[in-house]
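Q: Sequence and predicted structure are below.
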Amino acid sequence: MSAPSIPSPEKHVTIYSDGGCHGNPGPGGWAAVLVYGERTREISGGESATTNNRMELLAAIRALEALKEPCVVSFHTDSKYVKSGITEWLRKWKAAGWRARSRNPVKNIDLWQALDLAASRHQIQWKWVRGHAGNKFNEQCDRLATEQITHIKSHHTPAQLKTSLGAFEAAKHPGPSKLELF
């Protein structure tokens, strides 16, 4: 008779994330460092026109999406916006139909919904860490996000960046529809 199989222990992963912009809005970068045992993995990306808060959220989303299976996660962010949003505000926003206390739609709703979905697969303890305070992995994330911004700026002309910013602003603040003009 063979011994009953024992389920493998849950994977415990530590994640650090950061995001930023040059100008707000402007070209932005995000990054995360995932630590599992002795292994680390860096991920990063950026956008030609975005905001700091969007990059902070995207860093958290991409980090959680990078996990191939449900994990126990210790998640470190230097963004009080991300930490407060996910631990305090999200439940209230969902109950209110994704409306803020002001009754206006939640800002960055697309990313908050994506973060909610990405986080739902894991057991996460969210922790705030002071940025630029010497934390090795937070500093690493900051450097990677800044590299993404530099890369974007070096591969786009000022005119291209201005066009991207205009499109971003138009999408964020759409003008009146044709019906509203008359």
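A: Arrived safely.
Q: what comes into contact with the helix or strand containing Arg91?
A: In the assignment (DSSP states H and E), Arg91 maps to helix 90-95. Contacting residues not belonging to helix 90-95 are listed as Arg99, Ala100, Arg101, Val106, Trp112, Asp116 [CB atoms under 8 Å, 6 or more residues apart in numbering]. Every residue, glycine included, has its C-beta placed from N, CA and C.
Q: at 7 Å what do you get?
A: Residues from elsewhere that reach helix 90-95 (CB atoms under 7 Å, 6 or more residues apart in numbering): Arg99, Ala100, Val106, Trp112, Asp116.
Q: what do you get for stretch 48-68?
A: Identification of contacts with stretch 48-68 by CB under 7 Å, 6+ apart yields 13, 15, 17-21, 24-32, 34, 43, 45, 77, 79, 81-82, 108, 111-112, 114-115, 118-119, 122, 145, 152, 156, 161, 164-165, 167-168.
Q: for it, which positions count as buried?
A: In terms of neighbour count (16 or more other CB atoms under 10 Å), stretch 48-68 has its buried residues at 48-64, 67.
Q: Just those residues: which are in strands?
A: Among the buried residues of stretch 48-68, the members found in strands (DSSP state E) are Ser48, Ala49, Thr50.
Q: for the protein, what's the longest helix?
A: helix 136-154 (DSSP state H).
Q: after that one, next one along is what?
A: Counting by DSSP H and E, the next helix or strand C-terminal to helix 136-154 is helix 158-172.
Q: thinking again about what came up before, so for the longest helix of the chain, what gets flagged as buried?
A: Those would be 137-142, 144-146, 148-149, 152-153, for helix 136-154 by 16+ other CB under 10 Å.
Q: Point out the other helices and strands that that helix packs with.
A: Judged by 3 or more CB pairs under 7 Å, 6 or more residues apart in numbering; DSSP states H and E, helix 136-154 is in contact with strand 12-21, strand 26-36, strand 39-50.
Q: mind checking how far it is from the chain centre?
A: 14 Å (CA atoms, centre = their mean, to the nearest Å).
Q: ok so, going back, which among the contacts of stretch 48-68 count as buried?
A: Buried, going by 16+ other CB under 10 Å: 13, 15, 17-21, 25-32, 34, 43, 45, 77, 79, 82, 108, 111-112, 114-115, 118-119, 122, 145, 152, 156, 161, 164-165, 168, out of the contacts of stretch 48-68.
Q: So, low pLDDT: which residues of the chain?
A: Across the chain, the ranges flagged by pLDDT under 70 are 1-9, 173-182.
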